[in-house]
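Q: Starting from these lines, generate the structure:
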Amino acid sequence: MRIAIGQMWQESNTFNRNLTRWSDFENWGIAVGPDIFEKYGQTGEIGGVLSGLRQWPEPPRELIGLARFTCWPWGAVESATAKRIFETFDEQLRIAGPLDAVCLVLHGAMAAEDEPDLSGALLERVRAKVGPDVPIVATFDLHANLTRRMLSNADLLCGYHTAPHLDSWQTGERAVRGLWKILKRGVQPQTVWRKLPMFTAAEYHNTFTGPPAPIYERLKQLEAEDDVLAANVAMVMPWFDAPQLGWTVMLTTSRRESRWEQTVDQLCSTCWSIRHELEAVDRLPPAEVVKRALAIGKHPIVIGDGADATNSGAPGDSTCLLRELLAAIKIPHGALTFMVDPVAVAEAYRVGVGGVFDADVGGRLAPEYSSPVRVRGVVEKLQNVEWILTGHISKNLPVNMGRGAIVRSGDVQILLVERGGPGSSPRLYESVGLDPRTCGIVVAKSPSGFRADYDPFVAGSLLADCPGCASPHWNEMRFDKITRPLWPLNSLATPNEANWCESGWVN
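A: Just a heads-up that it's a prediction; the model follows:
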């Protein structure tokens, strides 16, 4: 048995003016052929897929690496880069020859300049290459925007069940458990799905303690049934201007039965009922959130800057919070924040460790949301920002955010980096010797995923209300491609008022 494995993963924030280019994928690690397994065989969903295949009673005789393209969330993919990615997959499929199955690791909310559904487009190309009889299974992020194109070209789709995303590995294992049933038990997957005309801010998407928690517990119960290959609710990436944007409820089973349609309807009803609760998020303006953090009198206090969340594809160069931290008269135990600004990094390297830093910082990549702030201080450290991410979003993922510089200005230490990366993880600061556990205030550029790693040790957490391309102020975002009506942009009493939403059986 010959099974091919590949990955095309990025969350695209279409409101980020900065395009994702080939060099961005190179930075996060492009691999083809056997290199995929040698370099990334213990990473994220690919690691889970390989682990799951090893658990089969009869493991496959041969595993074929196709291509691995991973990039941290950023702007839409440049058209020429998307073309090269597809051409690489085409060539590797040609080299691979006849296959018994294909397993792909996707995100599901990935767009190019001229293609709003890159995940669906890749599945479509792979289906055209391998033919209608070769099973294709794929994983996707909990914030995917699932489309009929994806469902029509895959036999089985398996998504994360957790937010913060702590089950990337397990999702890979779940996908190949379903593939086993298809290949070895002759199951013909049947998928019933329904699109919901809604999206919500990400702060309360917590599947452990938030409003959606009972929904995801129900999904796990459903997948414990032998007839169910996958149960999914995709809560959708909201900063993704694309046709048919919306939540999706989906159930893949071994046979078509009315009870599964009823189950999907029940899940949809629950999802719709919590939409207002998910939008009722308490956020504080920059000056107020810093004032509140200082008034708590305990430390550390983490401030989540969701609007500039690098985890949501924002540039990570907003100066709104930095400006307020620098203006504070006294911050007991100090403050930590970071800034994606390659120009400021270059200036820090020019003056060197111990040198006086006097330059503008931030506000360059997204000048429509904040302006540069003048920082006067001392360069304390220069080093590359490289580490391994295990936690929210992936497991054993190599991170390279380029050259870094720590600049101290008063009570504030700023980690300047050349490239975006995991703004949700304290490992970002720890990788350069900073300790978020002992500081007074620490900034996480993440709306909710930061809780997975920060909650165990912080004295409290607050959410900032700043401008940015991952802002939850929907009336300030220009949605041009979405299909309307769509809540909360439009008033809807029931999802049935949106006649564009698809539902029914696929396959």
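
Q: Neighbours of Arg94, how many?
A: Using other Cβ atoms under 10 Å, Arg94 has 9 other residues around it. (Glycine included, C-beta is placed from N, CA and C.)

Q: should've said Asp226
A: A total of 10 residues lie near Asp226 under the criterion other Cβ under 10 Å.

Q: Ok, the one 3 residues further on next?
A: The number of residues packed around Leu229, counting by other Cβ under 10 Å, is 28.

Q: would you say it is within a helix?
A: No: counting by DSSP: H, G, I helix; E, B strand; the rest coil, Leu229 is not part of a helix but strand.

Q: quick one: contacts for it?
A: Leu156, Gly178, Lys181, Ile182, Val187, Pro189, Thr252, Thr253, Ser254 (Cβ atoms under 8 Å, 6 or more residues apart in numbering).

Q: now those residues as JSON lines including secondary structure?
A: Formatted as JSON lines, the entries for the contacts of Leu229 read as follows, by three-state DSSP:
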{"residue": "Leu156", "secondary structure": "strand"}
{"residue": "Gly178", "secondary structure": "helix"}
{"residue": "Lys181", "secondary structure": "helix"}
{"residue": "Ile182", "secondary structure": "helix"}
{"residue": "Val187", "secondary structure": "coil"}
{"residue": "Pro189", "secondary structure": "coil"}
{"residue": "Thr252", "secondary structure": "strand"}
{"residue": "Thr253", "secondary structure": "strand"}
{"residue": "Ser254", "secondary structure": "coil"}
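
Q: can you pick the most crowded of those residues?
A: Taking other Cβ under 10 Å to define a neighbour, the member of these with the most is Thr252, carrying 28 neighbours.

Q: pLDDT below threshold where in the protein?
A: Confidence mapping of the chain against pLDDT under 70 gives zero matching residues.

Q: and the longest strand for it?
A: Using DSSP state E, we find that the single longest strand of the chain is strand 373-389.

Q: in its sheet, what does that one sit against?
A: Strand partners for strand 373-389, identified by DSSP bridges, are recorded as strand 356-361 (antiparallel), strand 397-409 (antiparallel).

Q: Can you convert those into JSON lines and add a column each for distance to Val378 and mean neighbour count?
A: Listed next are the strands paired with strand 373-389 as JSON lines, based on distance: least, Cβ to Cβ, whole Å; neighbours: other Cβ atoms under 10 Å:
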{"stretch": "strand 356-361", "distance to Val378": "6", "mean neighbour count": "18"}
{"stretch": "strand 397-409", "distance to Val378": "5", "mean neighbour count": "21"}
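
Q: Nearest to Gly29 among those strands would be which one?
A: Across the strands paired with strand 373-389, Gly29 has its closest neighbour in strand 397-409 (6.4 Å, Cβ to Cβ).

Q: Just the CA coordinates for that closest one, please, in CSV.
A: What follows is strand 397-409 as a C-alpha-only set of coordinates in CSV (Å, rounded to 0.1, in the frame of the first residue of the first chain):
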residue,chain,number,x,y,z
LEU,A,397,7.3,23.3,15.2
PRO,A,398,10.7,25.0,14.4
VAL,A,399,10.2,28.8,14.7
ASN,A,400,12.6,31.3,13.1
MET,A,401,11.6,35.0,13.6
GLY,A,402,14.9,36.2,12.2
ARG,A,403,17.3,38.5,14.0
GLY,A,404,16.2,39.9,17.3
ALA,A,405,17.1,42.8,19.6
ILE,A,406,16.1,43.6,23.1
VAL,A,407,15.8,47.3,23.7
ARG,A,408,15.2,48.7,27.2
SER,A,409,13.5,52.1,27.6
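
Q: Run the chain-centre distance for that strand.
A: 20 Å (Cα atoms, centre = their mean, to the nearest Å).

Q: tell me which residues of the longest strand of the chain are tucked away?
A: When neighbours are counted by 16 or more other Cβ atoms under 10 Å, the buried residues of strand 373-389 are found to be Val373, Val375, Gly377, Val379, Glu380, Lys381, Leu382, Val385, Trp387, Leu389.

Q: Dump it to PDB, restricted to CA.
A: As requested, the backbone C-alpha atoms of strand 373-389 are provided in PDB (Å, rounded to 0.1, in the frame of the first residue of the first chain):
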ATOM      1  CA  VAL A 373       6.700  55.600  18.100                       C
ATOM      2  CA  ARG A 374      10.100  57.100  19.100                       C
ATOM      3  CA  VAL A 375      12.000  54.800  21.400                       C
ATOM      4  CA  ARG A 376      15.000  56.000  23.300                       C
ATOM      5  CA  GLY A 377      16.900  53.400  25.300                       C
ATOM      6  CA  VAL A 378      19.700  50.900  25.400                       C
ATOM      7  CA  VAL A 379      20.300  47.800  23.300                       C
ATOM      8  CA  GLU A 380      20.600  45.000  25.900                       C
ATOM      9  CA  LYS A 381      20.900  41.900  23.700                       C
ATOM     10  CA  LEU A 382      21.300  40.800  20.000                       C
ATOM     11  CA  GLN A 383      20.500  37.300  18.900                       C
ATOM     12  CA  ASN A 384      18.500  35.200  16.400                       C
ATOM     13  CA  VAL A 385      15.000  34.400  17.700                       C
ATOM     14  CA  GLU A 386      14.700  30.700  17.100                       C
ATOM     15  CA  TRP A 387      12.900  28.100  19.200                       C
ATOM     16  CA  ILE A 388      10.600  25.100  19.100                       C
ATOM     17  CA  LEU A 389       6.900  25.600  19.500                       C
END
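
Q: In the sheet, which residues pair with Val361? Tell me.
A: Going by DSSP bridges, Val361 forms beta bridges with Val373.
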